[in-house]
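>>> The following comprises the amino acid sequence and a computationally predicted model.
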Amino acid sequence: MKGSTLAMNKNKFVYIAFLAIAFAATVSACKDKRSTGLEYARNMYDALALNPDQPVDTTNKLLASFKGHTAQVPPANTKPVGFTEYDEYPNTKEGYEAAGVSMVNPLPVDTLNLAEGKHLFGVFCSPCHGEKGDGQGHLVKIEKFSGVPAYQTGASSRGGNMVDLTPGKIYHTITYGVNNMGSHASQITPTDRWKVVMYVQQLQKGQ
């Protein structure tokens, strides 16, 4: 009997304490309509890291070089890791022809690269070019696009047959795009572009 009384008193104390905390939170929030009342783990609301668009205190010696904002451009004369320069082949007819002559695929033709090239082609290219490279992709069939040439039998809008496109010309087209095809440079890395090129050349052969 005594034990049950103690348990009841304990539960009553917890209940009263909960009501007191809830009341205090409500009262504190009512004083300032913009206040959220009591807050738990304040550091989760105010992160220590700076946000990209957050202004900074330029009097701070550490942040003085930030010039008033945290979002910064890369330091001069630096390149991102894995970046490949492509300025020597501009987005012109001359750049396209030069790439076709000079550029060769640096990747070995093996099962892994071909498999990855096939996957990338299926994701980025097949909606227009078709899974078999026949120019009959889903978007062509529903008439969103037209005039997509087949790799084996089609003619290139830049002259010549699609089957004769060299690795450099295919790479250049993936990088810059042509006609209705936009640039895929922001979607496919330079290395992955070569894998797509490798797979397209298999489609040219009907393989």
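Perfect, I can see it now.
>>> Pick out the residue nearest the middle of this structure.
In the chain, the centroid-proximal residue (Cα atoms, centre = their mean) is residue 187; its distance is 6.6 Å.
>>> Next up, the contacts around that one.
Going by Cβ atoms under 8 Å, 6 or more residues apart in numbering, residue 187 touches residue 124. For every residue, glycine as well, the C-beta is placed using N, CA and C.
>>> how close does it sit to residue 123?
Separation of residue 187 from residue 123 (Cβ to Cβ, to the nearest Å): 9 Å.
>>> again with residue 180
18 Å.
>>> How about residue 113?
From residue 113 to residue 123 the distance is 16 Å (Cβ to Cβ).
>>> repeat for residue 111
Counting by Cβ to Cβ - residue 111 and residue 123 are separated by 19 Å.
>>> Look at the two and report which has more neighbours.
Just comparing residue 111 and residue 123: by other Cβ atoms under 10 Å the higher neighbour count belongs to residue 123, 12 against 7.
>>> Show the model's pLDDT score for the more buried one.
Looking at residue 123, its pLDDT is 93.
>>> buried set for the one helix or strand it maps to?
Here residue 123 sits within helix 111-124, counting by DSSP states H and E. Going by neighbour count (16 or more other Cβ atoms under 10 Å), the buried part of helix 111-124 is 113, 114, 116, 117, 118, 120, 121, 124.
>>> In terms of distance to residue 94, which of these ranks first?
residue 124 (26.3 Å; Cβ to Cβ).
>>> ok, now which ones touch the closest one?
184, 187, 188, 196.
>>> Residue 91 too?
residue 176.
>>> ok, now the one 10 residues further on?
With contact set as Cβ under 8 Å, 6+ apart, residue 101 has these partners: 166, 168.
>>> how far away is residue 171 from residue 20?
Residue 171 is 71 Å from residue 20, by Cβ to Cβ.
>>> Between the two, which is the more surrounded one?
Between residue 171 and residue 20, residue 171 has the larger neighbour count (other Cβ under 10 Å), namely 24 against 10.
>>> which residues sit in contact with that one?
99, 103, 105, 193, 194, 197.
>>> Same question for residue 109.
So residue 109 contacts residue 198 (Cβ under 8 Å, 6+ apart).
>>> For the residue nearest to residue 134 when sequence neighbours are not counted, what are phi and psi?
Excluding the flanking residues, the one nearest residue 134 by Cβ to Cβ, 6 or more residues apart in numbering is residue 150, at 4.6 Å. Dihedral pair for residue 150: phi -80, psi 140, per degrees, to the nearest 10.
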